[in-house]
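# let me see the structure of the following:
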Amino acid sequence: MKHNYLNIYNNLLNISRNKILYIKLEKIDTFSDRIKLFFFHFCFFLKLYKDSLGKKKSQELFDFIFRQLDLSIREIGYGDVSVNKKMKEYANYFYAILSFIENWDKLTDMDKIKNLENHLNIDKNHEFYRKYFDNFYFFLKENTLNNFTNKTINMDFNNGST
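Residues are numbered from 1 along each chain as shown. The predicted structure follows:
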C-alpha cells in the first residue's frame, strides 16, 4: 500500500506545482508557499476520499506525507532542531487549512476568498484562487480514489477560469 501512498503523494505534488498558481502569487514564491498550496490540495483530497480510505489508511497517508515533508526539509539543509520547529509550524498550517476545507461546501464565495487570503497571504487574484479550488474540488468529485493510487493522473481540470 505504501506504493499507492507514493502515487497519491506524487499526484498531489504534481498538481500543486501547477505554474499558474505561482504566477498569480504577488509575493515571492517560497518553500512555505509551496507547502501551503500542497496542503490545500491534500486537504481537499482528504475531505473527499477519507471515507474511501478509512480512518487507518487516512492516518497512514497523513504520516507518509509528513515523513516526505520532513525529508524535504532535511534535504534543504535544516538541522534537527530547525526541522522539528518547521514541522510543528507546518502541522499547524495543515490543520488550519483542513478545518477551512472541511466547511468548503457551506461557505459563500466571499468567505472562501477571505480564508484563502488569510492562508495564502494574497492581496490580489482572490477570485482566481477561489475558482481554481472550486474546480479542483469538482475534479476530485468526478474522479475516484483509484485514479490517484494506480497511476499518474492528468491535470485536466480548469485552471481557475470559468
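# what bits of the protein have low per-residue confidence?
Across the chain, residues meeting the criterion (pLDDT under 70) sit at 1-3, 26-29, 151-162.
# one more pass at 50, please.
159-162 (pLDDT under 50).
# how about the helices in it?
Assignment of helices within the chain using DSSP state H yields the ranges 2-16, 19-23, 31-76, 80-102, 109-120, 126-142, 145-149.
# just how off-centre is the last one within its chain?
Spelled out, it's helix 145-149. In terms of C-alpha atoms, centre = their mean, to the nearest Å, the centre of helix 145-149 is set 16 Å apart from its chain centre.
# show me the contacts for S52.
Counting by C-beta atoms under 8 Å, 6 or more residues apart in numbering, S52 makes contact with 144-145. Where you see a C-beta, it was placed from the backbone N, CA and C, and this is true even at glycine.
# do you know how far it is from N150?
13 Å (C-beta to C-beta, to the nearest Å).
# next: H41.
18 Å.
# which of those two has more neighbours?
H41 (22 against 12; other C-beta atoms under 10 Å).
# isn't the more buried one right up against L140?
No: contact criterion C-beta atoms under 8 Å: H41 and L140 do not qualify, at 9.1 Å.
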